[in-house]
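*Asks:* Using only what follows, build the 3D model:
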Amino acid sequence: MLFACHFDERYPIEPLLNELTQQGIVYEIKQANGISELWLEDEQVIEPVRKAYEAYKQAQQQQKQHTLMIENLKQLPITTALILISLVVAFVTQLGEQFLDLFFIAQIQYYPRSWIPYTGIASVWHSISPIFLHFGIEHLIFNTLSCWYLGSILERKLSAISYFSLVIILALVSNYSQLWVSGPLFGGLSGVVYGLIGFAFVYQLFYRSLAIPKGLFYLAIGWILFGLTPVFVWIGLGNMANTAHVSGLICGAFLFLPFYLFVKKENL
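*Replies:* Numbers count the residues shown, from 1 in each chain. This is a model prediction of the structure:
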């Protein structure tokens, strides 16, 4: 028998052992200083089995990172805060039914129809606040789940200051772009979410994998294209904040360069 690899006790070994049994690969499990070791009879399969086990561990790690549990909530304070504030705002506003002026980016002037920018300290809150405002349960669920999925990956890759800065910049760019095009009647985390998608896409394209399926990026682009049509209005979802989506996506893609050059962590 030849040594192949040590087993990580955090992950079950049964899936790998079942696969070895199905393929007729002879193996033996040995214990050394309390650590399980895999030994194989055929030298030619050692390297493929090692790679398969490493891929299995990586997949388990990715799945664990996305799980809603206390350990992850503590490791992802910024992403957790974004989601919790969105949930609180959804409760306070009853999903866009009341107290909306607290979260719009500008004051609405009804006669004549226009808007007035906030000034002073109020402008700080209102520049960011629209990302927490959602207009329906589907809108809230889609944005918070997307934010959790992307945030659980990117917040671990960037320092707290870098990730917080990324979120704030994306919020400002997407909010003010949408304000400039359509006025203050909008809300949602989607501008930030699209920015994280843009950042992650460039990260994977030019640096290294984040294990994010390419289908997510294709879906994001398709969603933007559908938003440019009246389809969402026809099915009762209302108008989409397309400018926030597009500006967030582009901003996130461009922000990868300065983050990579100047403020990356060692594990970026």
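
*Asks:* and the end-to-end length of stretch 102-110?
*Replies:* 17 Å (Cα to Cα, to the nearest Å).

*Asks:* May I see the buried residues of it?
*Replies:* Using 16 or more other Cβ atoms under 10 Å as the test for burial, stretch 102-110 gives Phe103, Phe104, Ile105, Ala106. Placement of C-beta: from N, CA and C, glycine included.

*Asks:* now, which of those sits nearest Ile137?
*Replies:* Ile137 lies nearest to Phe103 out of the buried residues of stretch 102-110, by Cβ to Cβ, at 17.2 Å.

*Asks:* And the closest one, how far from Gly24?
*Replies:* 62 Å (Cβ to Cβ, to the nearest Å).

*Asks:* which intervals of the protein have sub-threshold pLDDT?
*Replies:* 66, 68, 230-239, 263-268 (pLDDT under 70).

*Asks:* Take the buried residues of stretch 102-110 and lay them out in JSON lines including secondary structure and distance to Gly195.
*Replies:* Below are the buried residues of stretch 102-110 laid out as JSON lines (DSSP: H, G, I helix; E, B strand; the rest coil; distance: Cβ to Cβ, whole Å):
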{"residue": "Phe103", "secondary structure": "coil", "distance to Gly195": "19"}
{"residue": "Phe104", "secondary structure": "coil", "distance to Gly195": "20"}
{"residue": "Ile105", "secondary structure": "coil", "distance to Gly195": "16"}
{"residue": "Ala106", "secondary structure": "strand", "distance to Gly195": "21"}
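
*Asks:* Is it possible to get those residues out as a markdown table so that each row also shows distance to Val92?
*Replies:* As requested, these are exported to a markdown table (distance: Cβ to Cβ, whole Å):
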| residue | distance to Val92 |
| --- | --- |
| Phe103 | 9 |
| Phe104 | 14 |
| Ile105 | 17 |
| Ala106 | 19 |
